[in-house]
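Undergrad: this is a predicted model, with the sequence first.
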Amino acid sequence: MERLLSLFILLGFSINVSSQHAISYIANEGIYIQAENKKILIDAIFDNYYESYAAPSEKTIQQLNDKQDPFQNVDLLLVTHAHLDHFNAEMVSRFLKSHRETELIGPKQAIDSIVKIRKDMEVLAPRLNGVESKTEWDALFLKGVSVHTAYVRHGGKQNYDIDNQIYLIHVEGKKILHLGDAEMDPSHFSKLHLSKPPIDVALIPYWFLAYPPGIDIVKNQIKPKKLVAIHYPKVGDPKTLLKIRETFPNAVVFMKEGQMIDF
């Protein structure tokens, strides 16, 4: 089982920075990556619009906006898609206004929603990196980090109009995969050759780890060294959790803000 390196203290985000390579849970699919001198956020800034899933605490949002430890200098903010349990345009624009060092990467749907609400776009526009909906890898190199992104359709027919980007991050010699809310269809992943070379950490919606064909995708196409389940509901899902423990006994399920693994 992974060694926990942090404590969830007073509804605030607190980490032990002794590990040079760590991934910390913020809420839902929101995570914070620290790899030596690089800091990356993914799907980490939103509110509790969807009450079924965890949202960042008010204390954590304050820490983010005020550039408090450990969020003093964030290199990248990645957005997988523009659903409100992953992304809030007003909150993200406020964060970017405070963090003038941060580059944002996200689907054009997310970028457009920021553009609609901001009048001072000359401040933010140079740092808004919209990506195309390509089903093959597209590569960006920003702030010393290589980010590969590809469109993988959002799960559920009602969400097919939502641009869901997955990310493969190459940082400090490590590879980290984040699937967003990708659909559990093996055909989406076969041409992406995810396991070559091997992925160090995969952050995957928890239902992939319990039900076919998600199990097949994880075992035969992704094959990560470490596996982290995300998007776990606040009320819990004991039946699915038991299946995860049976199928992937070494997987970590992120449930509490501040929970952390090293890699």
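TA: That came through fine.
Undergrad: contacting residues around the nearest residue to residue 132 once chain neighbours are set aside?
TA: Of all residues beyond its chain neighbours, the one nearest residue 132 is residue 138 (6.6 Å), with distances taken as C-beta to C-beta, 6 or more residues apart in numbering. Every C-beta, even on glycine, is put in place using the N, C-alpha and C of the backbone. The neighbours of residue 138, taking C-beta atoms under 8 Å, 6 or more residues apart in numbering as the test, are 131, 132, 148, 149, 150.
Undergrad: isn't the fourth one right next to residue 105, touching?
TA: Yes. Counting by C-beta atoms under 8 Å, residue 149 touches residue 105, with 7.0 Å between them.
Undergrad: ok so, going back, who does the residue nearest to residue 132 form a beta bridge with?
TA: residue 149 (DSSP bridges).
Undergrad: any buried residues in stretch 99-111, and which?
TA: Under the neighbour-count criterion of 16 or more other C-beta atoms under 10 Å, stretch 99-111 has 99, 102, 103, 104, 105, 106, 107, 109, 110, 111 buried.
Undergrad: now, which of those residues lie within helices?
TA: Among the buried residues of stretch 99-111, the members falling in helices (DSSP state H) are 109, 110, 111.
Undergrad: can you lay out those residues as a markdown table showing distance to residue 251 and pLDDT?
TA: Formatted as a markdown table, those follow (distance: C-beta to C-beta, whole Å; pLDDT from 0 to 100):
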| residue | distance to residue 251 | pLDDT |
| --- | --- | --- |
| 109 | 30 | 97 |
| 110 | 29 | 98 |
| 111 | 33 | 97 |
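Undergrad: of all the residues you listed, which comes closest to residue 201?
TA: residue 110 (23.5 Å; C-beta to C-beta).
Undergrad: contacting residues for the closest one?
TA: Contacts of residue 110 (C-beta under 8 Å, 6+ apart): 79, 81, 82, 87, 89, 92, 130.
Undergrad: buried subset of the residues you listed?
TA: 79, 81, 82, 87, 89, 92, 130.
Undergrad: in helices, which of those residues fall?
TA: Those of the buried ones among the contacts of residue 110 lying in helices (DSSP H): 89, 92.
Undergrad: sec struct for the nearest residue to residue 102 once chain neighbours are set aside, please.
TA: Counting by C-beta to C-beta, 6+ apart, residue 102 lies nearest to residue 74, which is 4.8 Å off, once chain neighbours are set aside. Under DSSP: H, G, I helix; E, B strand; the rest coil, residue 74 falls in the coil class.
Undergrad: determine which two of the buried residues of stretch 99-111 are furthest apart.
TA: Pairwise distances across these peak at 21.8 Å for 99 and 109 (criterion: C-beta to C-beta).
Undergrad: residue 194: helix or strand, and which one exactly?
TA: Following DSSP states H and E, there is no helix or strand that holds residue 194.
Undergrad: I misspoke; the intended subject was residue 204.
TA: Assigned by DSSP H and E, residue 204 falls in strand 201-205.
Undergrad: what does residue 115 give?
TA: Using DSSP H and E, residue 115 falls within helix 108-117.
Undergrad: likewise for residue 163?
TA: Using DSSP H and E, residue 163 sits within no helix or strand.
Undergrad: I figured it hits residue 112, correct?
TA: No. Look at residue 163 against residue 112 with C-beta under 8 Å: they stay out of range, at 10.3 Å.
Undergrad: share the number of residues neighbouring residue 234, please.
TA: Residue 234 sits with 14 neighbouring residues when counted by other C-beta atoms under 10 Å.
Undergrad: do you know how far the closest residue to it other than its chain neighbours is from residue 220?
TA: Leaving aside its sequence neighbours, residue 234 sits nearest to residue 54 (C-beta to C-beta, 6+ apart; 5.5 Å). Separation of residue 54 from residue 220 (C-beta to C-beta, to the nearest Å): 30 Å.
Undergrad: please consider this matter closed, and thank you.
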